[in-house]
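> build me a structure from this.
(chains A and B)
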Amino acid sequence: MSLFNIFNVAGSAMNAQSQRLNTVASNLANADSATSANGTPYKAKQVVFAAAPVGENGATGVNVAAVIDDPSPMKTMYDPKNPLADDKGYVTLPNVNVVEEMVNMISASRSYQSNVEMMNTTKTLLLKTLNLGQ
Amino acid sequence: MLNRLDDMLNFHAQALRLRDQRQQVLASNIANADTPNYKARDFDFRTALTSALGGQPAQGGAALATTAAGHLKGSPELSTQSFLQYRNPAQGNVDGNTVDVDAERAAFAENAVQYEFNLTRVSSQIKSMLAVIQG
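Below is the predicted model of the structure:
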């Protein structure tokens, strides 16, 4: 029954989307973290999705291939009073783009929703199949 | 007699199996709506069903050779893999993804209703057969 496989497919997608939502939360929370445990400013993280086969008959789920540091340049702000400022008076701030992260968040939650809906439809179909002939 | 019962159910049984597999293909598309370079796929239901009903093996599949009248034809493994085709994207995407979530969800819902239709038909066929058997 391929229908059972849909649970795995939707499950893997939901897992991936929730991980994306997690990185968005982490990025937004640290949008102004000019320093961290290792002394460097926070770097925005991005998840990389990859299609991954589920089961043996051609279903494709989603897998988080990697969580990468956002390659975009860090922001700088002129603030000579800040103890983290360099000799020219500039503070390096995280490269978090708040607008982009908000868009990412909405996209992730919408995708999550469609996967939940997919699971519900499949569950209804399977339950109806169980009642076949009754 | 048993053969006839089987024949009666065959059409909707095959259709159900194909609907089942198509549902999985569409689910894969929706799940990968955000995966870079993923290409949406689907298969033509009519072609797949005609092939399944005609007992024609799917391309690449193998049928049993029948050399005597008593030999069973055997049913070639019903696989939709060879019918899968890539969708033509209506709008290109920068990351190479060709999934149109709205279209996929519409197809998913449609396929679910068709699956239910086939289930209902099989159910009522079973009921009529029982009515005939029990009198």
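
> and chain A, which residues reach chain B?
In this structure, chain A approaches chain B at residues A:1-3, A:5-6, A:9-10, A:12-13, A:17, A:20, A:48-51, A:54, A:57-62, A:107-108, A:111, A:114-115, A:117-118, A:121-122, A:124-125, A:128-129, A:131-134, judged by Cβ under 8 Å from any Cβ of the partner chain. Backbone N, C-alpha and C define where each C-beta goes, glycine included.

> quick one: which of those sit in helices?
Residues from the residues of chain A next to chain B lying in helices, with DSSP state H as the criterion: A:2-3, A:5-6, A:9-10, A:12-13, A:17, A:20, A:107-108, A:111, A:114-115, A:117-118, A:121-122, A:124-125, A:128-129.

> list buried residues within the residues you listed.
Buried members of those, scored by 16 or more other Cβ atoms under 10 Å in any protein chain shown, are A:2-3, A:5-6, A:9-10, A:12-13, A:17, A:20, A:107-108, A:111, A:114-115, A:118, A:121-122, A:125, A:129.

> got a list of what residue A:4 touches?
With contact set as Cβ atoms under 8 Å, 6 or more residues apart in numbering or on different chains, residue A:4 has these partners: residue A:126.

> so which residue is dead centre in chain B?
To find the centre residue of chain B, average its C-alpha atoms and take the closest one (Cα atoms, centre = their mean): that gives residue B:18, at 1.3 Å.

> so which elements touch the longest helix belonging to chain B?
In chain B, ranked by residue count with DSSP H as the criterion, the top helix is helix B:101-134. Contact here means 3 or more Cβ pairs under 8 Å, 6 or more residues apart in numbering or on different chains; DSSP states H and E; on that basis helix B:101-134 packs against helix A:98-130, helix B:2-31.

> that one vs helix B:2-31, what angle?
Between the axis of helix B:101-134 and that of helix B:2-31 there is an angle of 160 degrees, by axes from the mean of the first three to the mean of the last three Cα atoms, to 10 degrees.

> now do the buried residues in helix B:101-134.
Judged by neighbour count using 16+ other Cβ under 10 Å, the buried positions of helix B:101-134 are B:103-105, B:107-108, B:111-112, B:114-115, B:118-119, B:122-123, B:125-126.

> helix/strand/coil for residue A:76?
Reducing the assignment to helix, strand or coil with DSSP: H, G, I helix; E, B strand; the rest coil, the entry for residue A:76 is strand.

> secondary structure class for residue A:65?
Three-state assignment for residue A:65 (three-state DSSP): strand.

> spatially, what comes nearest to it if we skip its sequence neighbours?
Computed as Cβ to Cβ, 6 or more residues apart in numbering or on different chains, the closest residue to residue A:65 that is not its neighbour in sequence is residue A:50, at 3.9 Å.

> my guess is the one you found contacts residue A:60. True?
No - in terms of Cβ atoms under 8 Å, residue A:50 does not count as a neighbour of residue A:60; the distance is 10.1 Å.

> surely residue A:91 is within a strand?
Yes - the secondary structure assignment for residue A:91 places it in a strand, going by three-state DSSP.

> that one bridge partners, please.
The bridge-partner assignment for residue A:91, based on DSSP bridges, gives residue A:77.

> how about the contacts made by it?
Residues in contact with residue A:91 (Cβ under 8 Å, 6+ apart) are A:34, A:76, A:77, A:78, A:79, A:82, A:84, A:85.

> neighbour count for those residues - can I get that in JSON lines?
Conversion of the contacts of residue A:91 to JSON lines gives the following (neighbours: other Cβ atoms under 10 Å in any protein chain shown):
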{"residue": "A:34", "neighbour count": "20"}
{"residue": "A:76", "neighbour count": "14"}
{"residue": "A:77", "neighbour count": "13"}
{"residue": "A:78", "neighbour count": "10"}
{"residue": "A:79", "neighbour count": "14"}
{"residue": "A:82", "neighbour count": "13"}
{"residue": "A:84", "neighbour count": "13"}
{"residue": "A:85", "neighbour count": "17"}
